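# Build me a model:
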Amino acid sequence: MTQLTLAKALTHGLRRAMDLDVKVLVMGEDVGKLGGVFRVTDGLQKDFGEDRVIDTPLAESGIIGTAVGLALRGYRPVCEIQFDGFVYPAYDQIVSQVAKMRFRSQGRLPMPIVIRIPFGGGIGAVEHHSESPEAQFAHTAGLKVVACSNPFDAYWMIQQAVASDDPVVFFEPKRRYWEKAEVDEDGSPDPLFSSRVVRAGTDVTVLAYGPMVKTAQEAAVAADAEGRSLEVIDLRTLSPLDMDPVLESVRRTGRVVVVHEATVNLGIGAEVAARVSEECFYALEAPVLRVGAFDTPYPPSRIEEEYLPDLDRVLDAVDRALAY
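Numbers count the residues shown, from 1 in each chain. Below is the predicted model of the structure:
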């Protein structure tokens with residue numbers, strides 16, 4: 001067991017993936033000599049050289065376009081998008097080329113690209129540095145989309161993503177980069193595209209992913225003090241959604257709250273709510289409730305804590321679910 005921050009767990013995972021396969025490359029803005037703005041790639045260029053850890057120009061479309069060519073030639077590029085809000089210049093390449101190449105070649109051309117995106121708020125950053133664009137990618141057929149929430153998952157999920165022959169958009173909760181936990185580097189990880197119960201409960205099912213998993217767990221602790229038992233599920237994978245643990249939980253609790261930092265309108269929570277309603281209609285004791293950011297562009301950092309979901313807003317939704 002090693003205690004690692006989430007950022008260092010990603011570093012260790014990338015290092016292991018690069019050790020195991022010489023075709024794995026890391027590329028992005030400042031990923032080499034600087035080690036990335038969040039130091040996730042720190043030390044990799046020194047150990048693996050400039051041919052495998054590549055400092056690119058400030059051109060996200062160029063980064064992804066180059067990765068497509070590399071993937072077609074048998075490489076496994078891991079692309080870092082420096083901040084979530086910087087991904088949009090690459091959006092055309094991702095949805096028009098990365099997402100479609102394997103399908104339109106009838107599987108003959110795998111597209112083993114990992115696109116790492118630090119996402120979410122909570123770090124007091126300026127505009128374009130605190131977006132939550134995950135629903136836009138989860139809606140795009142041909143892309144796999146995952147979000148880690150803790151160091152153990154970060155270490156294993158990045159390796160599993162690199163090993164995938166399908167393109168994976170890999171969301172990392174930047175506000176959790178510096179939080180530590182034990183990581184068993186010889187452990188047995190869950191499958192990449194699976195959700196997991198992280199706290200058992202009986203009264204309300206709370207679903208979250210990425211940065212909001214910890215908030216949901218804190219809400220469960222607070223609710224427990226009031227005699228209310230919350231079951232918390234870390235979705236982990238957003239496309240494909242793994243609904244089996246969710247549906248099993250909902251059939252027991254009858255109440256669901258979905259939490260994410262992204263705006264509520266047309267977010268991941270809407271898709272989860274629809275699926276729960278379709279599969280568990282007669283088990284539900286209350287409507288599926290969603291907790292998310294307000295439907296506005298991301299605000300200045302001085303008021304982001306009022307904008308983002310917090311423990312109180314999760315508990316308010318729990319109270320409303322139980323009031324039905």
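
# Pull the residues that contact stretch 124-138.
When contacts are taken as CB atoms under 8 Å, 6 or more residues apart in numbering, the neighbours of stretch 124-138 outside the stretch itself are 83-88, 91, 94, 117, 119-123, 143, 145, 147, 169, 171, 210, 238-239, 260-263, 266-268, 271, 293, 298, 300-301, 304. From N, CA and C alone the C-beta is placed, and that goes for glycine too.

# which of those are buried?
If you count burial by 16 or more other CB atoms under 10 Å, the buried members of the contacts of stretch 124-138 come out as 83-88, 91, 94, 117, 119-122, 143, 145, 147, 169, 171, 210, 238-239, 260-263, 267-268, 271, 293, 298, 301, 304.

# so of those residues, which ones are in helices?
91, 268, 271, 304 (DSSP state H).

# if I look at the second one, how far off is residue 185?
It refers to residue 268. Taking CB to CB, to the nearest Å as the measure, residue 268 and residue 185 are separated by 30 Å.

# Over to the last one?
Plainly put, residue 304 is 34 Å away from residue 185 if you go by CB to CB.

# The third one now?
Taking CB to CB as the measure, residue 271 falls 34 Å from residue 185.

# Who are the contact partners of residue 169?
Residue 169 makes contact with 94, 115, 117, 134, 137, 143-146 under the criterion CB under 8 Å, 6+ apart.

# List the beta-bridge partners for it.
Beta-bridge partners recorded for residue 169 (DSSP bridges): residue 115, residue 145.

# Local confidence estimate at it?
Listed pLDDT for residue 169 reads 98.

# for the one 4 residues further on, same thing?
pLDDT, the model's per-residue confidence, is 98 for residue 173.

# ok, and the closest non-adjacent residue to it?
Distances taken as CB to CB, 6 or more residues apart in numbering put residue 211 closest to residue 173, at 3.7 Å, once the chain neighbours are dropped.

# Name the residues of stretch 125-134 that are buried.
Along stretch 125-134, these residues count as buried under the neighbour rule (16+ other CB under 10 Å): 125, 129-134.

# In this structure residue 147 contacts residue 171, no?
Yes: with contacts defined as CB atoms under 8 Å, residue 147 counts as touching residue 171 at a distance of 4.1 Å.

# residues bridging contact with those two, i.e. touching both?
Listed as contacting both residue 147 and residue 171 by CB under 8 Å, 6+ apart are 119, 134, 210, 238.

# Show me the residues you listed that map onto strands.
Among those, the ones falling in strands (DSSP state E) are 119, 238.

# now, the most widely separated pair of the shared contacts of residue 147 and residue 171?
Greatest spatial distance among the shared contacts of residue 147 and residue 171 (CB to CB): 119 and 238, at 11.2 Å.

# which residues are common contacts for these two?
Counting by CB under 8 Å, 6+ apart, the contacts common to residue 119 and residue 238 are 134, 147, 171.

# Spit out the contact partners of the last one.
Neighbouring residues of residue 171 by CB under 8 Å, 6+ apart: 117, 119, 134, 145-148, 210, 238.

# go on, residue 123?
129-130, 174-175.
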